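**Q** Okay, structure incoming, though there's no sequence with it:
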């Protein structure tokens, strides 16, 4: 098992978790990488960075460190802000809403997004520091009937081909994907292509509008994302990502996941447990606690199993 957080640079996390000496982006990533050996980079979901950014990430982390990268929004049928578009995407055909968000992108624009995203992650692949690409699909990407399910699975197939050999991690947000009639076809489709099904922990509502904590291994890697259980902010409008996942798990709640992770680990080569409750120091605090709960599954000597937060600071600059 390898454990980490879904951000290392959220503003509230910077303020609450890092020491005053970690003043720069480089210093903070080095500090993080002495305490955990994996992280999710979620910023590329909002806009595709220059490959130099990924090159810097690779250079600031030790051998064996892994970055999982969240796919750009257009790659997973989300709308994105026009102002965040890569210059090359502005040459494609698309529409803009009154709120300044791109919708109805042309197929060429989506395909070009995959090309640019591939260029961005190339330095991580070269440095052997790329984990998987997280394809988190929106709530409207559902499987409410067979036609819709098959059409959307067809898009996943297309995305898998466009990623050209990169490990693909699929997170569904609509619970129809794991409904009784869809669960086995969905998992079989992913397993046939060795696409990892992302298991999630999220707040549960009476109308069952969120994904339940279904666990499954459909690839050599198993992947878990813990979003917290803040029912007040999860579907909130105009809230920041940190506020949406503003939740600190109790020890008892983490213990609920221990047998599930053990089951996943028994069937997978590597099980990744990633905390997305990145408000304040909640994610690194819960990640360390989970690593302690499942210490027998964590490879000895990795940062997630050692180097307590009070260890001597070495920013390595």
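**A** On my side now, so go ahead. Owing to the predicted nature of the structure, the values given are computational and were not obtained by experimental measurement.
**Q** So what touches the lowest-mean-pLDDT helix or strand in the chain?
**A** The least trusted helix or strand in the chain, going by mean pLDDT, DSSP states H and E, turns out to be helix 241-244, with a mean of 86. When contacts are defined by CB atoms under 8 Å, 6 or more residues apart in numbering, helix 241-244 is touched by residues 10-13, 42, 230, 233-234, 236, 278-279. From N, CA and C alone the C-beta is placed, and that goes for glycine too.
**Q** now the strands for the stretch 1-150 of the chain?
**A** Ranges of strands within the stretch 1-150 of the chain are 2-5, 38-41, 66-70, 80-81, 95-96, 101-103, 130-136, based on DSSP state E, counting those that start in this stretch.
**Q** Touching, residue 117 and residue 75? I think so.
**A** Yes: using CB atoms under 8 Å as the test, residue 117 is close enough to residue 75 to be in contact (6.4 Å).
**Q** so can I have a markdown table of the strands of the stretch 1-150 of the chain showing mean neighbour count and distance to residue 54?
**A** What follows is those, written out as a markdown table (neighbours: other CB atoms under 10 Å; distance: least, CB to CB, whole Å):
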| stretch | mean neighbour count | distance to residue 54 |
| --- | --- | --- |
| strand 2-5 | 28 | 17 |
| strand 38-41 | 25 | 8 |
| strand 66-70 | 22 | 8 |
| strand 80-81 | 18 | 19 |
| strand 95-96 | 12 | 28 |
| strand 101-103 | 18 | 23 |
| strand 130-136 | 23 | 9 |
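**Q** Using CSV, please lay out those strands together with distance to residue 296 and mean pLDDT.
**A** Converted to CSV, those look like this (distance: least, CB to CB, whole Å; pLDDT from 0 to 100):
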stretch, distance to residue 296, mean pLDDT
strand 2-5, 13, 97
strand 38-41, 18, 98
strand 66-70, 21, 98
strand 80-81, 42, 96
strand 95-96, 52, 94
strand 101-103, 46, 93
strand 130-136, 22, 98
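**Q** So for residue 163, which of those sits nearest?
**A** Checking the strands of the stretch 1-150 of the chain against residue 163 by CB to CB gives strand 130-136 as the closest, at 5.9 Å.
**Q** and that closest one, what does it pack onto?
**A** Applying 3 or more CB pairs under 8 Å, 6 or more residues apart in numbering; DSSP states H and E, one finds that strand 130-136 contacts strand 66-70, helix 107-126, strand 168-171, strand 196-201.
**Q** mind listing what the closest residue to residue 168 other than its chain neighbours touches?
**A** Once flanking residues are discounted, residue 168 sits nearest to residue 195: 4.8 Å by CB to CB, 6 or more residues apart in numbering. With contact taken as CB under 8 Å, 6+ apart, residue 195 is in contact with 156, 160, 168-170, 189, 218-219.
**Q** if we can go back for a sec, compare the contacts of helix 241-244 and tell me which is most surrounded.
**A** Greatest neighbour count in the contacts of helix 241-244, by other CB atoms under 10 Å, goes to residue 278: 28 neighbours.
**Q** can I assume that residue sits in a strand?
**A** No: looking at residue 278 with DSSP: H, G, I helix; E, B strand; the rest coil, it is coil, so not inside a strand.
**Q** Look up how far residue 31 lies from it.
**A** 15 Å (CB to CB, to the nearest Å).
**Q** Between strand 196-201 and the helix or strand just after the least confident helix or strand of the chain, find me the angle.
**A** Downstream of helix 241-244, the first helix or strand assigned by DSSP states H and E is helix 251-267. When axes from the mean of the first three to the mean of the last three CA atoms, to 10 degrees is applied, the directions of helix 251-267 and strand 196-201 differ by 160 degrees.
**Q** Show me what counts as buried in whichever helix or strand comes after helix 251-267.
**A** Using DSSP H and E, the helix or strand that follows helix 251-267 towards the C-terminus is strand 270-275. Neighbour counts over strand 270-275 (16 or more other CB atoms under 10 Å) mark 270-275 as buried.
**Q** hmm, back to that, so which of the strands of the stretch 1-150 of the chain gets nearest residue 252?
**A** strand 2-5 (18.2 Å).
**Q** list the helices and strands that closest one packs on?
**A** Right, strand 2-5 is packed against strand 38-41, strand 270-275, helix 282-293 by 3+ CB pairs under 8 Å, 6+ apart.
**Q** Turn those into a markdown table, columns for distance to residue 68.
**A** Below are those laid out as a markdown table (distance: least, CB to CB, whole Å):
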| stretch | distance to residue 68 |
| --- | --- |
| strand 38-41 | 5 |
| strand 270-275 | 7 |
| helix 282-293 | 14 |
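**Q** If anything else comes up later, I'll come back, but that's it for now.
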